[in-house]
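Q: Output the structure for:
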Amino acid sequence: GVFPFVALLLLQRRLVAGRALLVNGPSAGCPINSLCRSNVYEQTRKQVALLNATAQDLFSLYLKCQGEPFSSETDKLCNPNGIYFPDFHENRTSEKEVMVAMYKLFAFLNASLGNITRDQEELNPTAKELLDRLHNTTKTTRGLISNLTCLLCKNYNIFQVDVRYEESSKGKSAFKKKQQGCQVLRKYVQVISHAARILLPHLSPA
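A: Down below sits the predicted model:
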């Protein structure tokens, strides 16, 4: 059966791998059409731009707080090639494909930030600046997901998107937790600038 629409809004809170089917409701209509803010496009543009502008600083601060050997062996320990991260291909040309891909990306990022924040609260509880940055980035990401959810529903009647999440870091060693966060944030820096360049032209009112 079809999950309640609220599933889209809550999926990003999950910290383990999970999947939700992509469902197009051909006749039901969007249940929250009326909840889109009048400035949803402007707000979404600003959120994407903010995430793009702050990604490198977040990664640099994260590295600083992890100490050695992460500071001196960044390229080796934070190499993201072996981790899962949602694909985003240049050849997506339709707005629908771009918006679905972006939802997958930011839902994944939001869950990953939850993992990283939980681990840093345990490993670096006095790193106030880092924890504040993580919380602020998570807040922005959640707002962006909410807006993308609204746009997908309103413009394409999409109720659910197939999203894969990273493996939870629960139960891993302190070193592995630090490394997983480092890999995810480094990949995030690489992806967000590309994603912003592709997404921003599509975020203009119809």
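Q: quick one: residue 187 and residue 87 touch, right?
A: No. Residue 187 is beyond contact range of residue 87, at 11.6 Å (criterion: Cβ atoms under 8 Å). Quick note: C-beta positions are derived from backbone N, CA and C, even for glycine.
Q: where does residue 176 sit relative to residue 79, distance-wise?
A: Look at residue 176 and residue 79: by Cβ to Cβ, to the nearest Å, they are 14 Å apart.
Q: If you could redo that for residue 173, that was the one I meant.
A: Distance from residue 173 to residue 79, by Cβ to Cβ: 18 Å.
Q: out of these two, which sits in the more crowded spot?
A: residue 79 (14 against 9; other Cβ atoms under 10 Å).
Q: More neighbours: residue 187 and residue 87, which one.
A: Neighbour comparison, residue 187 and residue 87: the larger count goes to residue 187, with 21 against 10 (by other Cβ under 10 Å).
Q: Just give the nearest non-adjacent residue to residue 203, would you?
A: Nearest non-adjacent residue to residue 203, counting by Cβ to Cβ, 6 or more residues apart in numbering: residue 45, 4.7 Å away.
Q: element containing the one you found, please.
A: Here residue 45 sits within helix 40-66, counting by DSSP states H and E.
Q: Then residue 88?
A: Under DSSP H and E, no helix or strand contains residue 88.
Q: Touching, it and residue 193? I think so.
A: No. Counting by Cβ under 8 Å, residue 88 does not reach residue 193; the two are 11.3 Å apart.
Q: State whether residue 125 is indeed within a strand.
A: No. Remark: residue 125 does not belong to a strand; assigned using DSSP: H, G, I helix; E, B strand; the rest coil, it is coil.
Q: Return the distance of it relative to residue 119.
A: 11 Å.
Q: Looking at those two, which has the bigger crowd around it?
A: Ranked by neighbour count (other Cβ under 10 Å), residue 125 and residue 119 place residue 119 first, with 20 against 9.
Q: Just the element for the more buried one, please.
A: Under the criterion of DSSP H and E, residue 119 resides in helix 95-123.
Q: who does that helix touch, helix- and strand-wise?
A: When contacts are defined as 3 or more Cβ pairs under 8 Å, 6 or more residues apart in numbering; DSSP states H and E, helix 95-123 packs onto helix 40-66, helix 128-156, helix 174-199.
Q: Make TSV out of those and add mean pLDDT and distance to residue 107.
A: Below are the helices and strands packed on helix 95-123 laid out as TSV (pLDDT from 0 to 100; distance: least, Cβ to Cβ, whole Å):
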stretch	mean pLDDT	distance to residue 107
helix 40-66	95	14
helix 128-156	94	6
helix 174-199	92	13
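Q: could I get those helices as CSV with distance to residue 168?
A: Shown next, in CSV, are these (distance: least, Cβ to Cβ, whole Å):
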stretch, distance to residue 168
helix 40-66, 18
helix 128-156, 16
helix 174-199, 9
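Q: Can you check which of the ones you listed gets nearest to residue 113?
A: Smallest distance to residue 113 across the helices and strands packed on helix 95-123 (Cβ to Cβ): 4.6 Å, for helix 128-156.
Q: Thanks a lot, catch you later.
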